[in-house]
Each structure stands twice: as structure tokens, then as C-alpha cells.
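Participant: have a look; sequence and predicted model below, questions after that.
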Amino acid sequence: MIQDIGEGVFSNAFSLEPAKEGDLLFCFRGNDILVTGDENDPLLPLYGQLTPPCHHIFSLGGIGCYISEEILKTPEGYFYVKAPDLARTANDRKTAFAVVTAWQLSKWEQSRRFCGRCGAETERSAIERAMICPKCGLIEYPKICPAVITAITHKGKLLMARNKNSAPGRYGLIAGFVEIGETFEETVRREAMEEVGLKLKNIKYVRSQPWGFSDSQMIGFTAELDGDDDTLIIQESELAEACWFAPDEVPLPSSDISIAATLIKDFLNEHGI
Ligand SMILES: [Zn+2]
């Protein structure tokens, strides 16, 4: 998964330490990020090569990671690429995870420039990763939206669904955001009923994953169909199709960065594939 970059490599400890030469710089322009080097394997700029005003966001293998507080005009030898594309395709998993996490923080900082309660300009907290309103005191923490994702099985088959916006052949698992007042297990039940009309049993937590692409924390479950009626009633506003797949028919995910890919792999491993 995208966050699997080795034990202890990523540290989100808050720091006010200023950037020094050789630290990594994340310079965003909306959803674009500044890079240098080869177009097919771009590198992140290092502090020293560029010296914009910036602040610490996290560290990676002991190297400080800093976000630029200014939108830079493209310096010579540098170019902008789409941050989510770079995070999905970077050859180096550490770069992929750092880019998506920095992008998540950049989106959050941009959307919290003004207080949502009184409209005053916010400031970065000096003691924790938060934006504070100097006028009314409102504190905003980074946006992390919990969402569940479930590998639903019945009689040795796995349920997979294709989102309305996904290309033909691109199947995923049933997933959805946690709503107010719900436990994760209740979200699993509700999403299965809403999206495919199924009642579930044996709902079991498996693992989780930070997923900065959608400001989410994905919480992965397995569950079984409760009863024998495996008829699928598709929620047409969300899904194009859904099917039960035998292990040897399961469409394989295009990459291994997501928790969905890992849950599908677990199912195949259980069936000796
Ligand atoms: Zn305020």
C-alpha cells in the first residue's frame, strides 16, 4: 500500500524547525506540484536549490519536509506536474506517499485560510498541526474523513462493483464515507444495503490506510452475505454494475497502492491464487 515505506520512516511529529539545505520542498500551485529532473522520474526540489518561505509538515527518514508558503513561478529547470498523478505513478514509494500526504495538507491549509465561524484570517498554530482563528479562537485540524471499504464474499465468490465514473473493466469494492452517529460496522452494513441491496454478517475489521487523495482514512473490512439471496440491487446513482466473481475471474487491480488491492489479494490468497 502507498503508506508502506518502512517502519519509522515517516514521522508526523510537529516541529517549528526552519528548513535547512537538503530538506525536501513541496511547492504546490493548486493541485500541481513543482518537480525537477527527468520527466519520467521527476525529483522533488531540495531546500537550498530553492529558498521560498516555508514551514515544516513532517519528516521522511530523518529528512525534513517543508511546504512552500508562496506559489512559485516555474524556475528554470523545474516544471509542474499533477500532484495526484505523481503520487500514483512515482517509482519511489516514499516519494509517492510524501507527495499525497503533503498535497492533503496543502489542500487543507488552502481551504482554512479564513475562519469558518467568523470569517477572520486564520494563523498556523505554534504548538500543533492546526489552524487557529485569532479573533474567535476556533481551531481547525487537518481534514481526515473516515471511509469504510469491504470485501463481501458469498459461497467462495467476491463482490466487486464498478463506479458510474469508472472505465469499463475497472472494478472495486463496496466503499463509502462514515456518516454522523455511525460506528464503522454500521457504515459497512448501510453501504452494502444502499449500493447493492445486501444484508451482511460476520463483519470483521482487517486493516486501515491513510488515503490523502480524498482526505480519507480507509478502514478495511471483510463480511459475508447474510442468507442465501445474492441478488444485487444496484444503486444507479453510484454504480454502473456489480457482480460476484469466482477467484479465477477476479479482475486484478492496476496497482498495489490501495487497500482495495490488498483486500482483493487477501481473497485470492485464501483461494490459493
Ligand atoms: Zn473565527
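Facilitator: Done, it's in.
Participant: separation between Ala146 and the ion?
Facilitator: Quick fix: residue 146 reads Pro, not Ala. Distance, Pro146 to the ion, using CB to the ion, to the nearest Å: 26 Å. (Glycine included, C-beta is placed from N, CA and C.)
Participant: grab the nearest non-local neighbour of the most centrally placed residue in the chain.
Facilitator: Centroid-nearest residue in the chain, with CA atoms, centre = their mean: Trp211, separated by 1.5 Å. With sequence-adjacent residues excluded and distances taken as CB to CB, 6 or more residues apart in numbering, Trp211 is closest to Met218, at 4.9 Å.
Participant: now stretch 137-154: buried residues?
Facilitator: By neighbour count, with 16 or more other CB atoms under 10 Å as the criterion, the buried positions of stretch 137-154 are 138, 140, 142, 147-154.
Participant: same question, stretch 96-109
Facilitator: With burial defined by 16+ other CB under 10 Å, the residues of stretch 96-109 counted as buried are 96-109.
Participant: adding secondary structure and distance to the ion, write these out as TSV.
Facilitator: Compiled in TSV, the buried residues of stretch 96-109 are given as follows (DSSP: H, G, I helix; E, B strand; the rest coil; distance: CB to the ion, whole Å):
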residue	secondary structure	distance to the ion
Ala96	helix	36
Phe97	helix	33
Ala98	helix	31
Val99	helix	31
Val100	helix	30
Thr101	helix	27
Ala102	helix	26
Trp103	helix	26
Gln104	helix	23
Leu105	helix	21
Ser106	helix	22
Lys107	helix	20
Trp108	helix	17
Glu109	helix	16
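Participant: between those, which sits nearest Asp228?
Facilitator: Checking these against Asp228 with CB to CB, the nearest one is Val100 at 41.4 Å.
Participant: residues contacting the closest one?
Facilitator: Residues touching Val100, when contacts are defined by CB atoms under 8 Å, 6 or more residues apart in numbering, comprise 2, 83-84, 87, 212-213.
Participant: those residues also near the ion: which ones?
Facilitator: Contacts with the ion are made by none of these, judged by CB under 5 Å from the ion.
Participant: ok, those vs Pro253, which is closest?
Facilitator: Nearest to Pro253 out of the contacts of Val100 is Ile2 (CB to CB; 12.7 Å).
Participant: distance check, the residue lying closest to Ser59 once chain neighbours are set aside against His56.
Facilitator: Leaving aside its sequence neighbours, Ser59 sits nearest to Ser11 (CB to CB, 6+ apart; 4.8 Å). In this view, Ser11 and His56 are 11 Å apart by CB to CB, to the nearest Å.
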